[in-house]
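Student: sequence and computational prediction follow.
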Amino acid sequence: MNIDIYNTLRDRIIYLDYAPGHMLKEQELAGEFGISRTPLRTVLFRLEWEHLVKTLPRTGILVMELELNTITHVFQARLELESVIGIMAAERFTKDHFNRLDELMLECERQFDSRNPKTLASLDMNVKRLFYDAAANPFLTEISERLYCLTFRLWYFNLLKMNADEWNAEVISVREDLLSLSELLRADAPKMVGEARKDHLLKHLKRIRSKFLNLSATH
């Protein structure tokens, strides 16, 4: 599989450059990337397996819609997984990991002024990758990353719609999560880190559901 094309298309999907319900055309994509349809289809099959697109015969490739029920099910699947990763990461956290966490906390403080959804999203991804790196289990990382991409789109959709007060509230929530994780990690409490990861995810889901339903009610 051409990993560069895969990463490009996946990023376009999760960052909503391709809107939910958008139709992708194989011929156009093959022309853009200068490849034949065979290697392109390998990438598209992977994206379909990850539930980001769906092949419609004689029509094209549909970018999957944002469905709250589906997203809720994915969050449920993520809960225990994030707890396990949190515990494993806490048991293996090094000085370098703490330094990186401190840098991410400083980056979070800068988000109050930036109001840049991609920057805040990148911060969230980097926190997850820090825990992946510390946990050092590639199989857990692969599963978690795939599920994360499915929930990420709805969160990012919400970020794009937030007003100034909602944005600040979201950044405050991210900052509080980072502070609590930092304290538990420094207290050498792996099980509590795992529980905190679950609690943060549940709060995250609650905020997403509330924001999405409010948006849906007004459109």
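Tutor: That came in fine, so what should we check first?
Student: now the residue nearest the centre of the chain, what's its secondary structure?
Tutor: By C-alpha atoms, centre = their mean, the chain has its centre lying nearest to residue 152, at 3.7 Å. Of the three states, residue 152 takes helix according to DSSP: H, G, I helix; E, B strand; the rest coil.
Student: nearest residue to it other than its sequence neighbours?
Tutor: The shortest distance from residue 152 to any residue other than its chain neighbours is 5.3 Å, reached at residue 14 (C-beta to C-beta, 6 or more residues apart in numbering). Where C-beta positions appear, they are placed from N, C-alpha and C, glycine not excepted.
Student: now swap in residue 175 and tell me
Tutor: Once its chain neighbours are removed from consideration, residue 175 has its nearest residue in residue 108; the separation is 5.0 Å (C-beta to C-beta, 6+ apart).
Student: phi, psi of residue 87?
Tutor: phi -60, psi -50 (degrees, to the nearest 10).
Student: give me the number of residues near it?
Tutor: 19 (other C-beta atoms under 10 Å).
Student: mind listing what it touches?
Tutor: By C-beta atoms under 8 Å, 6 or more residues apart in numbering, the contact list for residue 87 reads 190-191, 193-194.
Student: do that again at 6 Å, thanks
Tutor: The neighbours of residue 87, taking C-beta atoms under 6 Å, 6 or more residues apart in numbering as the test, are 190, 194.
Student: leaving out chain neighbours, which residue sits closest to residue 43?
Tutor: Per C-beta to C-beta, 6+ apart, closest to residue 43 is residue 6, 4.7 Å.
Student: er, residue 124 actually
Tutor: Spatially, and ignoring its direct neighbours in sequence, residue 124 is nearest to residue 174 (7.0 Å; C-beta to C-beta, 6+ apart).
Student: who is residue 23 paired with across the strands?
Tutor: Each beta-bridge partner of residue 23 is listed here, defined by DSSP bridges: residue 62.
Student: run a quick neighbour tally on it.
Tutor: The burial count assigned to residue 23 is 12, neighbours taken as other C-beta under 10 Å.
Student: secondary structure class for the residue lying farthest from the centre of the chain?
Tutor: Of all residues in the chain, residue 58 sits farthest from the chain's C-alpha centroid, using C-alpha atoms, centre = their mean; the distance is 31.4 Å. Of the three states, residue 58 takes coil under three-state DSSP.
Student: for it, grab phi and psi.
Tutor: Residue 58 has phi and psi values of phi 60, psi 10 when expressed as degrees, to the nearest 10.
Student: pull up the gap between it and residue 32, please.
Tutor: Here the criterion is C-beta to C-beta, to the nearest Å. By it, residue 58 lies 21 Å from residue 32.
Student: and the closest residue in space to residue 29 that isn't next to it in sequence, backbone torsions?
Tutor: Sequence neighbours aside, residue 40 is the residue nearest to residue 29 in space, at 5.8 Å (criterion: C-beta to C-beta, 6+ apart). As for residue 40, its main-chain torsions (degrees, to the nearest 10) stand at phi -60, psi -40.
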